[in-house]
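K.L.:
Coordinates for the following, if possible.
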Amino acid sequence: MSFLLVLLLLLVQAHSYAKAAQVVVLAQAGKPVTIPRKPWGKTENIHVNWEFNDTILISRNPTASSQKDVPLNWQGRISLTTDFSLHISNVTAIDFGIFKCDQHELVNSISDTYKLYQVTMSTLAVLLSGDDLSLSCEINREGFNLVRPTVRWLGPDDKTYQGQSTENKYTLKVPKISSIHHGNWICEVQYGVNSLLNAMTNVVIVDLAPSSPDPIYAADSSSNFALPCSFSSKISWSLVNATGVKGGSWSFISADSSKSISPLLKLHPNPSPVWKIPNGTSSYLMESEVKNQDLSVKISKVSIMHRGQFTCSLDLKKKSLSQSVLVEVLQVISSAGKPIYEGSKLNLTCTLGHPMPPDLEVTWKAPTGSSLPNLSPHPTELSIPGVRLKDSGQWACELKKNATVLATATIRLKIEKAPVNTWLVVGIFVGLLVLILLAVIAVIIICRRRKVMKYTRRKRKFCCCKNPQPKGFYKT
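P.N.:
Numbering: from 1, shown residues only. Take a look at the predicted model:
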């Protein structure tokens, strides 16, 4: 009798776990959700069955090595978490209903019921920079009345926004949006005890990336130099085209003039976007297809004539978008003409066509076999007092900012031996002949003079008698 009483008490205890009130769970179609299992019993011993509309979805049996098959329309979408909660990876419209979690441990059991309510976020067409943004977040009325949630809005710019509410519907308006508002907007719904749903919608904003305040640098005579132009965010061309693309252009304003040059390229959006040179004109920009939504183009060969501002424009049905880039061209100028003779003085100047900004510096690179004096820092003008044959070759000037090389301009020098002047040789030869002739004439004159002086000098003559008388006094 006592045994039966104990058994009855155990049964009463087992069934004393009354059905708890229905637990509200909010979810968004197309997004994941986890329905939490109520902690109960010893985790390693409990049997767990998850049901939907009285159909078993998935089970956990600590003594079985295999699991029951998941219903076909749930396969690949549901799984158990480490604590045996039910995880749905992709909620569909037919999933909003009643779920039940049955837990068993020996003769004890517990059953919890959950109801999944839908939260709906507005979906938007593609917006343009400068448009007004309107969003809505609506909670199923029955679920809303049960939990009375609190809602706030989170933007892709990491800011919190306060909207308006009308019963179970929450709205948000943001005027004059820009590229920073492109991305996922979250309607954060907090309800129940530590329950949170982040309902989400993706807002697509078409805008070109902002123009860089810094110029880009190119070397004179460099080839295929890219001029950047892109959208502020990754977006497909079909979405861009949905805004009503009419065309686009690339134009140029020279640094030496404020006058804009007529379009160098024009955008043909259909059937696939391509940059083309306008009919009857020539352009140093290269025709190209628009790939991966990149509107960049290339200069075929850079020259100092390309110093200035290039502007990329995209013409839409409602407005035009533009992005500008300032191009600086680095050039090395030689003070000597061609050819350059050995021993002559040479100045090399590394220039942008205007005084070098203080945050930029240059580094000279001499050709193999040549050498540079110890310079710190390197000047923009390099002076070589007497060039040598081994100075021939390519000289390079690197333009740097914070040790980063921005551009490298080069110049090739050809040093030659100074040629011998023919007339100079003739002059020297004639001069030597004249000197020799003068020397010969001088020698002749001197010789003749000596000869004349020799013969013109008179000598004493003595009379030779046949019978000379002896010296002394004679009487006549």
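K.L.:
Low-confidence stretches in this protein?
P.N.:
1-20, 65-67, 420-425, 454-476 (pLDDT under 70).
K.L.:
Find the centremost residue of it, please.
P.N.:
Pro228 (8.6 Å; CA atoms, centre = their mean).
K.L.:
Hmm, that one is touching Ser296, no?
P.N.:
Yes. Pro228 sits in contact with Ser296 when judged by CB atoms under 8 Å, with a separation of 5.1 Å. Backbone N, C-alpha and C define where each C-beta goes, glycine included.
K.L.:
Check the burial of the closest residue to Ser222 other than its chain neighbours by counting its neighbours.
P.N.:
With CB to CB, 6 or more residues apart in numbering as the criterion, Ser222 has its nearest non-adjacent residue at 4.8 Å, and that residue is Val302. Using other CB atoms under 10 Å, Val302 has 23 neighbouring residues.
K.L.:
swap in Cys312?
P.N.:
Quick note: Cys312 (other CB under 10 Å) scores 26 neighbours.
K.L.:
again with the one 3 residues further on
P.N.:
A count of nearby residues for Asp315, using other CB under 10 Å, gives 17.
K.L.:
Could you measure from it over to Lys417?
P.N.:
Distance from Asp315 to Lys417, counting by CB to CB, to the nearest Å: 62 Å.
K.L.:
show me what contacts Gln293?
P.N.:
230-231, 234-237, 240 (CB atoms under 8 Å, 6 or more residues apart in numbering).
K.L.:
again, 10 Å this time
P.N.:
230-231, 233-237, 239-240, 273 (CB atoms under 10 Å, 6 or more residues apart in numbering).
K.L.:
again, but for Pro358
P.N.:
Applying CB under 10 Å, 6+ apart, no residues contact Pro358.
K.L.:
about what we covered before: Serialize the contacts of Gln293 to CSV and add fields for distance to Thr408, neighbour count and secondary structure.
P.N.:
Formatted as CSV, these follow (distance: CB to CB, whole Å; neighbours: other CB atoms under 10 Å; DSSP: H, G, I helix; E, B strand; the rest coil):
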residue, distance to Thr408, neighbour count, secondary structure
Ser230, 25, 15, strand
Phe231, 31, 22, strand
Ser233, 33, 16, coil
Lys234, 32, 9, coil
Ile235, 35, 16, coil
Ser236, 37, 12, coil
Trp237, 35, 16, helix
Leu239, 40, 14, helix
Val240, 36, 21, helix
Pro273, 33, 20, coil
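K.L.:
Now do the helices in this structure.
P.N.:
According to DSSP state H, the chain carries its helices in the segments 2-14, 141-147, 237-241, 422-456.
K.L.:
any idea how far the third one is from the chain center?
P.N.:
The gap between where helix 237-241 is centred and where its chain is centred comes out at 23 Å by CA atoms, centre = their mean, to the nearest Å.
K.L.:
For Ser283, list the residues it contacts.
P.N.:
Ser283 neighbours (CB under 10 Å, 6+ apart): 250, 252, 261-266, 275-277, 297, 299-300.
K.L.:
how about 8 Å then?
P.N.:
Here Ser283 is in contact with 264-265, 277 (CB under 8 Å, 6+ apart).
K.L.:
Also Ser300?
P.N.:
Ser300 touches 223-224, 284-286, counting by CB under 8 Å, 6+ apart.
K.L.:
need the strands for the stretch 301-450 of the chain, in chain order.
P.N.:
With strands called from DSSP state E, counting those that start in this stretch, the stretch 301-450 of the chain shows them at 308-316, 320-334, 340-341, 346-351, 361-365, 381-384, 393-401, 404-413, 415-416.
K.L.:
can you redo the contacts of Ser300 as CSV with distance to Ala336 and neighbour count?
P.N.:
Shown next, in CSV, are these (distance: CB to CB, whole Å; neighbours: other CB atoms under 10 Å):
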residue, distance to Ala336, neighbour count
Ser223, 26, 10
Asn224, 31, 10
Tyr284, 29, 15
Leu285, 34, 19
Met286, 35, 14
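K.L.:
if we can go back for a sec, nearest to Pro32, of the contacts of Gln293?
P.N.:
Lys234 (23.4 Å; CB to CB).
K.L.:
If you drop the residues flanking it in sequence, what lies closest to that closest one?
P.N.:
That would be Gln293: by CB to CB, 6+ apart, it lies 7.3 Å from Lys234.
K.L.:
Can you give me the distance of the residue nearest to Ser222 to Ala409?
P.N.:
10 Å.
K.L.:
Common neighbours of these two, please.
P.N.:
With CB under 8 Å, 6+ apart, Val302 and Ala409 have common neighbours 219-220.
K.L.:
follow-up on the earlier one: reformat the contacts of Ser283 into CSV and put distance to Pro357 next to each item.
P.N.:
What follows is the contacts of Ser283, written out as CSV (distance: CB to CB, whole Å):
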residue, distance to Pro357
Leu264, 27
Leu265, 30
Ile277, 34
